[in-house]
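> I would like to see how this sequence folds:
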Amino acid sequence: MPVLGSRKIALDELHARPFPLVEAPRALVQLAFMNEGNLAKDRETLAELSSRVGASLPDQSTPLHGLTFEQGDLHREKHTEFFTYLWCAPLDPETGNPVGLDPFKHGFIPPGPIVSGIRLDVVTWTEESAQSYIDRFDPVSRCHSLVEDGMADIITDFRQDSDGLTRIVILDRGLTPIRLGALAQRLLEIETYRTLALLSIPMTQQLGPHLREIEKRLAAITDEMRQSARRNSEELLSSLTDLSATLEADTASSLYRFGASRAYYEIVEERLTALGETFVPGCYRWRSFLHRRIAPAMRTCRSIEERQANLSDKLARATTLLRSWIDVQLERQNSDLLASMNNRARLQLRLQQTVEGLSVAAISYYVIGLLSYLIKGLPGYHDIVSPELVISALVPVVLLAIWWTVRRIRNSHSDPGLPDRRDRT
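Numbering: from 1, shown residues only. Next comes the predicted model:
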């Protein structure tokens, strides 16, 4: 069953985001909102829109929803960190505005902070309409290219109008609705993803001064290590640890944003390549205009990531060097401690030997005393031999016997694999 379920997901993914069918004249308004991890707002927004336009609320478990009503079509699509809401409506050729009630006004509840807004007009190419739309764009930043083998013109200046929307125009020269819809979707994605790719710029501006400060502190610490590492090793190690923690916190906070920016920029590159632009004299091509402005920002992100990686390596090497010095100091201290313990053991051995000698003498004294009382108390012993003479003869025997007994007791408590303590001394 899990295999069948996985296969269904894989098959459905191929058709999860179909291109819209677009016929001129048509207006497409797309807004992109960051979800900020709160999917409940998106459900509330979609429910409010469905109720307001009189459309049934679709199943919200799928990434793409479509609402059809009298004023056009509304499509909501889920992405990893943002939502897109696309409204498609007929375009009034006289006023140049979409026909019907704009669903993004009159009580619209945004599901999150807006990150991108686009107004794309699809009109039939004529000399009059072409000149009329071309003149609406700023000639300083106007991008105009022929695409789809010369079957369409795409025009924009990447500036926002009074509603905060980037204006784009497609002049249709006879494309089918599916090819026109694919082209429109491609242009919407280029504008959306190029904006998302540049969201890392504020982070690079914030991280740049932090990295410079860490680099300066690391240089100062390494210079101090060269001069007095053996005296201030613990303090220097604490400073290096603080720097490493600061750098790792910055790296962790920027990891996702930089990775997402690279992914979005790759999507923009793929979509620009798929356009297959033909140069129009006197205007920028989309690819050259965007590449000139986005590529430096992406290089800045890569530079920040490389600096973070290089700083992490330098901090690791400096910490390793400092720890090696600390280890040498600890080994020296351990060696001194072992030498001190050996000295104490030697003193204890000498004291023990002294105590053993005194113990033999004391025990022998008491034993000889007891024997003297015993010999003197024997009846008739005085007539045979003098007790004092017998006691004198017993003194060396008792001393030797006590000494031998003490030695055996001591040897029985010592490690049989070790030589005698006297031999070690």
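> buried sites along the longest strand along the chain?
Assignment by DSSP state E gives strand 114-124 as the longest strand of the chain. Residues of strand 114-124 classed as buried by neighbour count (16 or more other Cβ atoms under 10 Å): 115-123. (C-beta placed from N, C-alpha, C; glycine too.)
> and it, how far from the chain's centre?
Its chain's average C-alpha position is 36 Å from that of strand 114-124, according to Cα atoms, centre = their mean, to the nearest Å.
> model confidence over stretch 258-267, on average?
Stretch 258-267 comes out with an average pLDDT of 93.
> which parts of it are buried?
The neighbour-count check on stretch 258-267 (16+ other Cβ under 10 Å) flags 258, 260-262, 264-265, 267 as buried.
> what ranges do the strands span in the stretch 201-350 of the chain?
For the stretch 201-350 of the chain, applying DSSP state E, counting those that start in this stretch gives strands covering 278-279.
> hmm, back to that, of the buried residues of strand 114-124, which is the nearest to T320?
For the buried residues of strand 114-124, the residue nearest T320 by Cβ to Cβ is V115; the value is 43.2 Å.
> any idea what the residue nearest to the closest one when sequence neighbours are not counted is structurally, helix, strand or coil?
With Cβ to Cβ, 6 or more residues apart in numbering as the criterion, V115 has its nearest non-adjacent residue at 5.0 Å, and that residue is A32. Using DSSP: H, G, I helix; E, B strand; the rest coil as the criterion, the local structure at A32 reads strand.
> looking at the sheet around A32, what are its partners?
In this structure, A32 bridges to T84, S116 when assessed by DSSP bridges.
> Can you give me the neighbour number for it?
24 (other Cβ atoms under 10 Å).
> give the contact list for it.
By Cβ atoms under 8 Å, 6 or more residues apart in numbering, the residues touching A32 are 82-85, 114-117, 192, 195-196.
> how close does it get to F279?
Look at A32 and F279: by Cβ to Cβ, to the nearest Å, they are 30 Å apart.
> sorry, back to before: what's the closest of the buried residues of strand 114-124 to R410?
V115 (87.2 Å).
> State the pLDDT value of the closest one.
pLDDT for V115: 93.
> Identify the residues contacting it.
V115 sits next to 32-34, 82, 192, 195-196, 199 when contact means Cβ under 8 Å, 6+ apart.
> Now, of these, which are buried?
For these, a burial check counting by 16+ other Cβ under 10 Å picks out 32-34, 82, 192, 195-196.
> Can you add pLDDT and distance to L347 and give those residues back as TSV?
Formatted as TSV, the buried ones among the contacts of V115 follow (pLDDT from 0 to 100; distance: Cβ to Cβ, whole Å):
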residue	pLDDT	distance to L347
A32	94	83
F33	93	81
M34	90	76
F82	90	78
T192	95	83
T195	94	81
L196	94	77
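> can you put these in CSV and add distance to I170?
Shown next, in CSV, are the buried ones among the contacts of V115 (distance: Cβ to Cβ, whole Å):
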residue, distance to I170
A32, 19
F33, 24
M34, 27
F82, 24
T192, 16
T195, 19
L196, 22
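> Using the record's assignment, carve the chain into domains.
Listed by automatic domain parsing, the domain ranges of the chain are 15-175, 199-335, 348-424.
> Throw the ones you listed into TSV and include distance to L183, thanks.
Output for those, formatted as TSV (distance: least, Cβ to Cβ, whole Å):
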stretch	distance to L183
domain 15-175	6
domain 199-335	8
domain 348-424	90
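> and of the ones you listed, who's closest to K8?
Using Cβ to Cβ, the domains of the chain put domain 15-175 closest to K8, at 11.6 Å.
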